[in-house]
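J.: Predicted model follows, preceded by the sequence.
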Amino acid sequence: MTQPVWLSERVQWIGAFDPGMRSFDIILKTPNGTTYNAYAVRGSEGVAVIDTVKAECADQFFARLETVARYDEISVIVLNHLEPDHTGALPELMRRAPQAKLYISQSAQLMLKALLNRQDIDYTSVGTGDKVSLGDRTLRFLHTPYLHWPDTQCTYLEEECILFSGDVFGCHFCDERLFNDKVGDFRFAFEYYYSHIMRPFREHVINALELVQPLPINIIAPTHGPILRDQPTRYMQRYRELSGQRLQNEVNADEKTLIIFYISAYGSTTKMAHMIREGAEQVPGVRVSLYDMEGGDADLFVDLVEDADGIMIGSPTINGDAVKPVWDLVSSFAKINVRGKLAGAFGSYGWTGEAVRMLEDRLRGLKMRVPLEGVRIKLIPSTDELEQCRRYGQEAGEHLTGVNAPRILEMADLLAARQQTTTELNAT
């Protein structure tokens, strides 16, 4: 099974099948395996190879390549993305076709040298609008960073309207029939791939769509999964839908959304959460939602977090830590872009109260804004302490709407807070 697959008279698929793959990059399950898609484009003045394959699958790649071109015909090698599953066969390809010129994105230069552990690599860096001629065929480059590495680009074959898209519009789905109108139902794989690979870079997806959607496109040829030749623009439109704001029809343009997540052992953190909501709701232009995490899994809340402007998280301290459902929620933030969102933490405790500080540290590590010191209350909150929660919510709402200038906590304040926690711990 080492025959190439013809996309057109001048373009062949020369990739590799990996049906036994069951997990990818640790985080992705691949019940249908995957493909490593590479392509050959023949022009009147040479052959271009676009991407290669994982090193373990290089034999398939070279066997297919050799059926469509001699190595001395290869004048161009294009890498749309430098991840090892697309560059594993590159060193051997460069050895067999030393005359070929290598084209990579401008962002890929340092990564290429690190990948090959060589400093003497001859390459040309390209950006949006740059072109390379194969005589009667022309490759145009489109810089599409962070889909899903900083180096990624797409390559467009102008005369045939084929977009070699890299990882974008791809999925992990191995079917030797290869084309989207021939393979089995891969809709789940397509959206699962978007959710885990592209979703954290939603803004970059939208930027890339602005580049590629105006182009006439007959085929989208990604580096994983089916080649999209039947109504390819449907997949672009689906990406736009998945990358859009889910609450745009529910929240007014002049409103800021604040979501308060909490879980409570004996009801004290619940009381705090309700008072924080009461305070935030007093700020005009803030729309507040309250969710008890005991009633749902973290994955149910990811869409809410992605579209919210601010996130507050409440947890009791149990065994010196925040509780597991809270950490599950925070771990899910890795799937989306939370950079710059307002964040905060609160909770009651019986002994030492580490949970709030630990959550704040993690939220800062995710590049979220934590302008206010979290509220920690020992055991059952008093009337005065509940008023403190109300003020905390109000101040958070004011930060969201810009009523208060963002306050940066001084290092001395943070050290003092840590010292208080240490003192309480020693006292126990």
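T.: Right, received. Where do you want to start?

J.: What ranges does the stretch 251-400 of the chain have for its strands?
T.: With DSSP state E, counting those that start in this stretch as the criterion, the stretch 251-400 of the chain has strands at 256-262, 286-292, 310-314, 342-349, 375-378.

J.: List the beta-bridge partners for the residue nearest to E255 when sequence neighbours are not counted.
T.: Spatial nearest neighbour of E255, excluding adjacent residues (Cβ to Cβ, 6 or more residues apart in numbering): R287 at 4.9 Å. Any C-beta I mention is one placed from the backbone N, CA and C, and that applies to glycine too. On the basis of DSSP bridges, R287 is bridged to T257.

J.: coming back round to it: need the strands of the stretch 251-400 of the chain in a markdown table with mean pLDDT, can you?
T.: Shown next, in a markdown table, are these (pLDDT from 0 to 100):
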| stretch | mean pLDDT |
| --- | --- |
| strand 256-262 | 96 |
| strand 286-292 | 95 |
| strand 310-314 | 98 |
| strand 342-349 | 98 |
| strand 375-378 | 97 |
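
J.: Tabulate those in TSV, adding columns for mean neighbour count and distance to V356.
T.: Shown next, in TSV, are those (neighbours: other Cβ atoms under 10 Å; distance: least, Cβ to Cβ, whole Å):
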stretch	mean neighbour count	distance to V356
strand 256-262	23	12
strand 286-292	18	18
strand 310-314	27	9
strand 342-349	26	5
strand 375-378	21	5
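
J.: ok, the residue nearest to E255 - contacts?
T.: Going by Cβ atoms under 8 Å, 6 or more residues apart in numbering, R287 touches V251, E255, K256, T257, L258.

J.: And for Y193?
T.: L28, G170, C171, H172, H224, G225.

J.: Reformat the residues you listed as JSON lines; add secondary structure and neighbour count.
T.: Output for the contacts of Y193, formatted as JSON lines (DSSP: H, G, I helix; E, B strand; the rest coil; neighbours: other Cβ atoms under 10 Å):
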{"residue": "L28", "secondary structure": "strand", "neighbour count": "18"}
{"residue": "G170", "secondary structure": "coil", "neighbour count": "27"}
{"residue": "C171", "secondary structure": "coil", "neighbour count": "25"}
{"residue": "H172", "secondary structure": "coil", "neighbour count": "27"}
{"residue": "H224", "secondary structure": "coil", "neighbour count": "25"}
{"residue": "G225", "secondary structure": "coil", "neighbour count": "25"}
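
J.: just the residues you listed now: which is nearest E83?
T.: H224 (10.5 Å; Cβ to Cβ).

J.: Hmm, the closest one is touching F169, no?
T.: No: H224 lies out of contact with F169 (Cβ atoms under 8 Å); the separation is 9.5 Å.

J.: hmm, who's touching stretch 367-387?
T.: Against stretch 367-387 from outside (Cβ under 8 Å, 6+ apart): 268, 271-272, 275-276, 311, 338-350, 353, 356-357, 359-360, 363-364, 388-389, 392, 395-396, 399, 404, 406-409, 413, 417.
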